[in-house]
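**Student:** dropping the sequence and predicted coords here.
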Amino acid sequence: MRNLLDLIQSAARRTPEAQALVSGDDRLSYRELERHSRAFGRALSALGIEPGARIAIFLDKRIETVVSMLGATAAGCVFVPINPLLKPPQVAHVLRDSGARCLVTSALRMKMLSTEGVVQVSDAILIDVPDTAPGCPETTVTVHRWPGREITGADDVEDQQTPPPCVDTDLAALLYTSGSTGLPKGVMLSHRNLLEGAWSVAEYLGLKATDRILAALPLSFDAGLNQLTSTWSAGATPVLLNYLSARDAVQACEREHITAITGVPPLWMQLAGATWPHDVRNTLRCFANTGGRLPVPVLHKLRTLFPHAKPFLMYGLTEAFRSTFLDPAQVDQRPGSIGKAVPNARVLVVRADGTPCGPDETGELVHVGACVTLGYWNDTARTAQRYRPSPELKPGDVARDIAVWSGDLVRRDKDGFLYFVARNDAQIKSSGYRISPEEIEEMVHASGLVTEAVAFGIPDEALGEAVALLVVMAGDAATVDDVHSWCTKRLPRYMIPQHIVSCREIPRNANGKFDRARLRATFGSRARVSAERTS
């Protein structure tokens, strides 16, 4: 296969009428999804959008979201899915940093962005604009209607046989992820990355064409996007869900006869506490966790709740798409393990000098293989830090593979199973999201309410880590409630600090920098599991 659309085309040839996508009452067969996607690609080309252009997609999970991604591929463009939870300042960063030419969104979201003055594209395609002449007077953006059924339903045989102008090594998508410093970075995924990740996960999960997978994670999240691609790789059916409550998931599983779910720990904690009908409990054949450690009591409860479902405990990072998984047969013997490398990947554990660690020696996780992405968009300096030659020598003086040096500390036991130990940077991992503390601090400083601010993560049973914020207030009138209110209006829900503490001076280390390690240790021992704001 050469590109992402080949996944759909291949399945359409085998089983054209099989369901390729379900969203509420809307459903598309593989044949229909391919036609709609190619037609949307033609619509992009008709706007004068050339191959290589970035197409930003700011929508909830729905048919049009997926068609936009695949349609971008059909036109040889790069799709940029934007988390629908993001607020205008974060959306503005993605649009500006990616240099998006076109934005696919809804009229309501477009109005929100236009009001904030952050729309920075030349063209916008609205999925729900009325038939009367669309307009957006607040901006200079040219607004277009979503291509109607007279376009997307067209059966152009010649177009069906024309491959998209891209090959497997070409850039397919930008996924924005936060690191330990600065604003989110666009991780560049090639078509090869997407295809290899799809095959790899479908292989170890044992997905079949009869499976129906609940897609509850954001499509801007590497694991969420992989839920689609791995399902298509097996010719199975993904069911889109805009998750609001555990009841929504239960009803979707019952209605659509779901057989597999991938989630992050906070999602699983909610689902474990829900009331599940007997038939649904026995229909699920596997469930997978990613985005952080699943507490053992929650795992036990899920295994009791779904007696016929195999548990897959996974570890991954956007820069390498998927990295490790624990074979379900090993869960009882090694409940704290993140397993071994996924198919067609190699995971090393090395010391600071790149030499291999011995059994049970802590070192940095280094990922080698086909899922290693292309680097960070327009950021050669950060790319050089994270993407470096593998420490492995290759025979015949062949150049070493480029590997992802994860920044995560792990150990490998004598049987080759990996265990997560800690991160070696300041990144916060909460609710499955990687969060840059500097991004939170920059937003808080913009309020004018503080003179100093430092964000860090502290252990939290439900979230993995809760976001804590230590501030020095700018005056006697300002309060931590004011800071919390400012953050609530300007940060997505998962980045809002659960703990805000006001102090007279923030501890620093010998180099004069904020001592985040000391702060994590000090405040982590005090923090309650429930969210609080303290002064």
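**Tutor:** Ah, there it is. Numbering: from 1, shown residues only.
**Student:** make it CA atoms for all contacts and neighbour counts henceforth
**Tutor:** Noted.
**Student:** in stretch 92-100, what counts as buried?
**Tutor:** Buried residues in stretch 92-100, counted by 16 or more other CA atoms under 10 Å: 92-95, 97-98, 100.
**Student:** what of stretch 503-510?
**Tutor:** Buried residues in stretch 503-510, defined by neighbour count with 16+ other CA under 10 Å: residue 506.
**Student:** please apply the same query to stretch 1-16.
**Tutor:** Residues of stretch 1-16 classed as buried: 2-12, 15-16 (neighbour count, 16+ other CA under 10 Å).
**Student:** roughly how far does residue 503 sit from residue 451?
**Tutor:** Distance, residue 503 to residue 451, using CA to CA, to the nearest Å: 11 Å.
**Student:** got any residues that touch both of those two?
**Tutor:** Common contacts of residue 503 and residue 451 (CA atoms under 8 Å, 6 or more residues apart in numbering): 471-473.
**Student:** closest one of those residues to residue 113?
**Tutor:** Residue 113 lies nearest to residue 471 out of those, by CA to CA, at 29.7 Å.
**Student:** got a pLDDT number for the residue nearest to that closest one when sequence neighbours are not counted?
**Tutor:** The shortest distance from residue 471 to any non-neighbouring residue, by CA to CA, 6 or more residues apart in numbering, is to residue 453 (4.4 Å). Listed pLDDT for residue 453 reads 88.
**Student:** what's around residue 453, how many residues?
**Tutor:** Using other CA atoms under 10 Å, residue 453 has 23 neighbouring residues.
**Student:** just residue 42 next, same as before
**Tutor:** Using other CA under 10 Å as the criterion, residue 42 is surrounded by 20 other residues.
**Student:** CA-only coordinates of the helix or strand hosting it in PDB, if you can.
**Tutor:** Using DSSP states H and E, the element containing residue 42 is helix 30-46. What follows is helix 30-46 as a C-alpha-only set of coordinates in PDB (Å, rounded to 0.1, in the frame of the first residue of the first chain):
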ATOM      1  CA  TYR A  30     -16.300   0.900   2.300                       C
ATOM      2  CA  ARG A  31     -17.400   1.700  -1.300                       C
ATOM      3  CA  GLU A  32     -19.300   4.800  -0.200                       C
ATOM      4  CA  LEU A  33     -16.500   6.000   2.100                       C
ATOM      5  CA  GLU A  34     -14.000   5.700  -0.800                       C
ATOM      6  CA  ARG A  35     -16.300   7.600  -3.200                       C
ATOM      7  CA  HIS A  36     -17.000  10.400  -0.700                       C
ATOM      8  CA  SER A  37     -13.300  10.800   0.100                       C
ATOM      9  CA  ARG A  38     -12.200  10.900  -3.500                       C
ATOM     10  CA  ALA A  39     -15.000  13.400  -4.200                       C
ATOM     11  CA  PHE A  40     -13.900  15.600  -1.400                       C
ATOM     12  CA  GLY A  41     -10.300  15.400  -2.700                       C
ATOM     13  CA  ARG A  42     -11.700  16.700  -6.100                       C
ATOM     14  CA  ALA A  43     -13.400  19.500  -4.200                       C
ATOM     15  CA  LEU A  44     -10.100  20.600  -2.600                       C
ATOM     16  CA  SER A  45      -8.400  20.500  -6.000                       C
ATOM     17  CA  ALA A  46     -11.200  22.600  -7.500                       C
END
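**Student:** report the buried residues of that helix.
**Tutor:** Buried residues in helix 30-46, counted by 16+ other CA under 10 Å: 30-45.
**Student:** okay, now the domains of this structure?
**Tutor:** The chain breaks down into these structural domains: 1-14+24-167, 340-423, 428-524 (assignment by automatic domain parsing).
**Student:** ok, the buried residues of stretch 92-100 vs residue 222, which is closest?
**Tutor:** Residue 222 lies nearest to residue 94 out of those, by CA to CA, at 16.1 Å.
**Student:** ok, and the closest non-adjacent residue to residue 411?
**Tutor:** Once flanking residues are discounted, residue 411 sits nearest to residue 362: 4.5 Å by CA to CA, 6+ apart.
**Student:** wait, what's in contact with the one you found?
**Tutor:** For residue 362, the contact set (CA under 8 Å, 6+ apart) comprises 349, 351, 409-412, 421.
**Student:** same deal with residue 116?
**Tutor:** By CA under 8 Å, 6+ apart, the contact set of residue 116 is residue 88.
**Student:** same question, the one 4 residues further on
**Tutor:** Applying CA under 8 Å, 6+ apart, one finds that residue 120 lies in contact with 92, 95-96, 100, 141.
**Student:** measure it to residue 195 for me?
**Tutor:** Note on residue 120: its distance to residue 195, by CA to CA, is 31 Å.
**Student:** repeat that for residue 63.
**Tutor:** The gap separating residue 63 from residue 195 is 21 Å, by CA to CA.
**Student:** of the two, who's got more company?
**Tutor:** Just comparing residue 63 and residue 195: by other CA under 10 Å the higher neighbour count belongs to residue 195, 24 against 18.
**Student:** which one is the more buried one nearest to, not counting chain neighbours?
**Tutor:** Residue nearest to residue 195 in three dimensions, not counting chain neighbours: residue 4, with 6.6 Å by CA to CA, 6+ apart.
**Student:** got a list of what the one you found touches?
**Tutor:** Counted by CA under 8 Å, 6+ apart, residue 4 has contacts 70, 73, 172, 191, 194-195.
**Student:** got the phi and psi for it?
**Tutor:** phi -60, psi -40 (degrees, to the nearest 10).
**Student:** burial count for residue 410?
**Tutor:** Neighbours of residue 410 under the rule other CA under 10 Å: 23.
**Student:** list the contacts for it?
**Tutor:** With contacts taken as CA under 8 Å, 6+ apart, residue 410 has the following neighbours: 349, 362-365, 418-422.
**Student:** inside strands: which ones of those?
**Tutor:** Members of the contacts of residue 410 lying in strands (criterion: DSSP state E): 349, 363-365, 418-422.
**Student:** residue 167: which of those residues is nearest?
**Tutor:** Nearest to residue 167 among those is residue 365, at 29.9 Å by CA to CA.
**Student:** gap between the closest residue to that closest one other than its chain neighbours and residue 267?
**Tutor:** Leaving out its chain neighbours, the residue that sits closest to residue 365 by CA to CA, 6+ apart is residue 349, at 4.9 Å. Going from residue 349 to residue 267 by CA to CA gives 30 Å.
**Student:** same question for residue 339.
**Tutor:** Noted for residue 339: a distance of 21 Å to residue 267, by CA to CA.
**Student:** and for residue 45?
**Tutor:** 39 Å.
**Student:** okay, now the unreliable bits of the chain?
**Tutor:** For the chain, residues meeting the criterion pLDDT under 70 lie at 129-139, 148-164, 179-181, 424, 509-513, 524-535.
**Student:** can you do 50?
**Tutor:** Residues of the chain meeting the criterion pLDDT under 50: 132-135, 137, 149-155, 157-158, 527-535.
**Student:** residue nearest the middle of it, spatially speaking?
**Tutor:** The chain has residue 221 as the residue nearest its centroid, 1.1 Å off, counting by CA atoms, centre = their mean.
**Student:** how far away is that one from residue 187?
**Tutor:** Distance from residue 221 to residue 187, by CA to CA: 11 Å.
**Student:** and what of residue 477?
**Tutor:** Look at residue 477 and residue 187: by CA to CA, they are 42 Å apart.
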